[in-house]
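Peer 1: whatever this is, show me its structure:
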Amino acid sequence: MGLGEAEPMIIPIVYLVLVLVSILLTVQSTHVLYLMLYTWDRRDAERKARAPDTFIPPRLSFSVLLPARHEEDVIQSTIERVVRADYPAELLEVFVICSQDDDGTVKKAEEKIDQLAREGLHNVRVVVFDDGPINKPHGLNTALPQTANKVVTIFDAEDDIHPKIFRLVNTVMVKERVRVVQAGVQLMNYQSNWYSTLNVLEYFFWFKSRLHYHAHHGSIPLGGNTVFFARELLLRLGGWDDRNLTEDADMGLRISAMGERVRVVYDDRYVTKEETPPTLGHFIRQRTRWSQGFMQTLKKGTWKKMPTRKQRWLAFYVLVFPRGQALLGLYLPISLGMILILKVPVLIALCSYLPVLLLVAHFLVQMVGLYEFTDAHGLEASPKAVLRMAIAWFPFQMVLAYAALRAMRRQLAGRHDWEKTQHVGAHRGSTEEAESRVA
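Peer 2: Below is the predicted model of the structure:
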């Protein structure tokens, strides 16, 4: 068959691929939009997401795990916030978890512990491990056998927790008889750099809406901190998978496969406040780790053990999403090129624009979310912030796609080392400014 004869066959195939990809992207984008708006669209879901209006007296005891690596700049403030929480000191024990080579963080933690001891507070200690792998889940597994209280919770080294978080969880666990609670986590410094607003809004919609959908259907990838477990449940599961780069998501799916109910609480007043990664390089490494961890968990196959087809599909959908992001990163430049050089029939052109319309809808929802987020936390959004978000929109999607492609490359190469994200406490400046305005 000559080139001239092949051309009439190739063009319809290109049209067919264009239509199929456009329809798939439209369906996927519509579903993501539904998940983003889940608690806004359903009054019962929004009601279930809220924190209790009143708290019962303290009954549960808590063991707090604080994994930290090279966190000299923030660990003392985090210890202070946890120890000074509005909960009886005798019902709290705190473990700062470090590897043996992290002298700086160990020194800062011990300085803070000595200061607290002089004030009569003796419920904080440092746990040091000297074996591998050097990562968060291995540290958690090292500290877990040393805990003694009923509930085990995790906070990251830079976290600003709400003083009443333990009262909130104590109330939910006792009154609702649940053994796992995922409370809200929120990035705060939305104006730090060009990508920070979009990063903040990802957390906002994930914890405020999407996780409630996953919990409702019993297939939930848990967040990495401000998650509370009955200690006996963790021991029964054998702790965390210390080879998994997203041990939190893996743990959530393992719990879901057991049929264990997870209560998600998102209330703007009680969120744990965090910061966006300080540089683009740190952001890419963080996203690479998350994407690769999802790939690991997909390959591990825990999702196949879910009781129902709906749960299995939902878990698979979440875990395969980074691969979709990688493919999207390859598709977007090609599609832009096709728009410029390929002439297609009107109907096909209209079909190819459907994903674009969904992207516009996503942006409008994010814009409304920005104003709701800032209003909830005593911050201030401006038209300039919206403009910056609009300019950053496409580059941000390409960065996510690049991180997913990088994760695929690392996975194929068999690299599973933990790429550390730096923390500088940028969210604490935002929090203090907001609190001063409210006061």
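Peer 1: where does the prediction get shaky in the stretch 1-150 of the chain?
Peer 2: Across the stretch 1-150 of the chain, the ranges flagged by pLDDT under 70 are 1-9.
Peer 1: can you give me the strands in it?
Peer 2: 62-67, 92-99, 124-129 (DSSP state E, counting those that start in this stretch).
Peer 1: ok, which of those strands comes nearest His362?
Peer 2: When the strands of the stretch 1-150 of the chain are compared by CB to CB, strand 62-67 sits nearest His362, at 33.7 Å. Where you see a C-beta, it was placed from the backbone N, CA and C, and this is true even at glycine.
Peer 1: run through who's touching that closest one.
Peer 2: 75, 78-79, 82, 87, 91-97, 136, 139-140, 143-144, 147-157, 166, 169, 228, 231 (CB atoms under 8 Å, 6 or more residues apart in numbering).
Peer 1: one step back: right, so of the strands of the stretch 1-150 of the chain, which gets closest to Phe316?
Peer 2: Proximity to Phe316, assessed across the strands of the stretch 1-150 of the chain by CB to CB, is greatest for strand 62-67 (28.8 Å).
Peer 1: mind exporting the C-alpha coordinates of the closest one to PDB?
Peer 2: Extracted in PDB, the C-alpha atoms of strand 62-67 (Å, rounded to 0.1, in the frame of the first residue of the first chain):
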ATOM      1  CA  PHE A  62      -3.400   9.600  73.200                       C
ATOM      2  CA  SER A  63       0.100   8.700  72.100                       C
ATOM      3  CA  VAL A  64       1.400  11.300  69.700                       C
ATOM      4  CA  LEU A  65       4.000  10.300  67.100                       C
ATOM      5  CA  LEU A  66       6.100  13.100  65.700                       C
ATOM      6  CA  PRO A  67       8.400  11.700  62.900                       C
END
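Peer 1: out of the strands of the stretch 1-150 of the chain, which comes closest to Phe363?
Peer 2: strand 62-67 (35.7 Å).
Peer 1: the inter-axis angle of the closest one versus strand 92-99?
Peer 2: Angle of strand 62-67 versus strand 92-99, following axes from the mean of the first three to the mean of the last three CA atoms, to 10 degrees, is 20 degrees.
Peer 1: check the offset of strand 62-67 from the chain's centre.
Peer 2: 19 Å (CA atoms, centre = their mean, to the nearest Å).
Peer 1: same thing with stretch 307-314?
Peer 2: Put simply, stretch 307-314 sits 21 Å off its chain's centre (CA atoms, centre = their mean).
Peer 1: of all the residues in that stretch, which ones are buried?
Peer 2: Gln311, Arg312, Leu314 (16 or more other CB atoms under 10 Å).
Peer 1: show me what the one helix or strand the second one maps to is packed up against.
Peer 2: Okay, so that is Arg312. According to DSSP states H and E, Arg312 maps onto helix 309-341. When contacts are defined as 3 or more CB pairs under 8 Å, 6 or more residues apart in numbering; DSSP states H and E, helix 309-341 sits against helix 3-36, helix 247-257, helix 280-300, helix 346-352, helix 383-413.
Peer 1: any buried residues in that helix, and which?
Peer 2: Going by neighbour count (16+ other CB under 10 Å), the buried part of helix 309-341 is 311-312, 314-315, 318-319, 321-326, 328-329, 331-332, 335.
Peer 1: likewise stretch 21-32?
Peer 2: Within stretch 21-32, the residues that count as buried by 16+ other CB under 10 Å are Val21, Ser22, Leu25, Thr26, Gln28, Ser29.
Peer 1: list the residues that contact the fifth one.
Peer 2: Right, Gln28. Gly324.
Peer 1: what about the closest residue to Lys273 other than its chain neighbours, how many residues nearby?
Peer 2: With CB to CB, 6 or more residues apart in numbering as the criterion, Lys273 has its nearest non-adjacent residue at 4.1 Å, and that residue is Asp160. By the criterion of other CB atoms under 10 Å, Asp160 has 22 neighbours.
Peer 1: can you tell me how far the most centrally placed residue in the chain is from Lys305?
Peer 2: Computing the C-alpha centroid of the chain and ranking residues by CA atoms, centre = their mean puts Gly223 first, at 5.1 Å. Going from Gly223 to Lys305 by CB to CB, to the nearest Å gives 21 Å.
Peer 1: what does the pLDDT read for Arg437?
Peer 2: Per-residue pLDDT puts Arg437 at 40.
Peer 1: what's the helix or strand for Lys343?
Peer 2: When elements are defined using DSSP H and E, Lys343 is found to belong to no helix and no strand.
Peer 1: what's the most buried one of the helices and strands packed on helix 309-341?
Peer 2: Among those, helix 247-257 has the highest mean neighbour count (mean count of other CB atoms under 10 Å), at a mean of 24.
Peer 1: and the angle for it with helix 280-300?
Peer 2: Going by the same axes, to 10 degrees, helix 247-257 makes 30 degrees with helix 280-300.
Peer 1: in contact with Leu400, which residues?
Peer 2: With CB under 8 Å, 6+ apart, Leu400 has these contacts: Arg287, Gln325, Gly329.
Peer 1: one more pass at 10 Å, please.
Peer 2: Counting by CB atoms under 10 Å, 6 or more residues apart in numbering, Leu400 touches Tyr195, Leu198, Glu202, Phe283, Ile284, Arg287, Ser291, Pro322, Gln325, Ala326, Leu328, Gly329.
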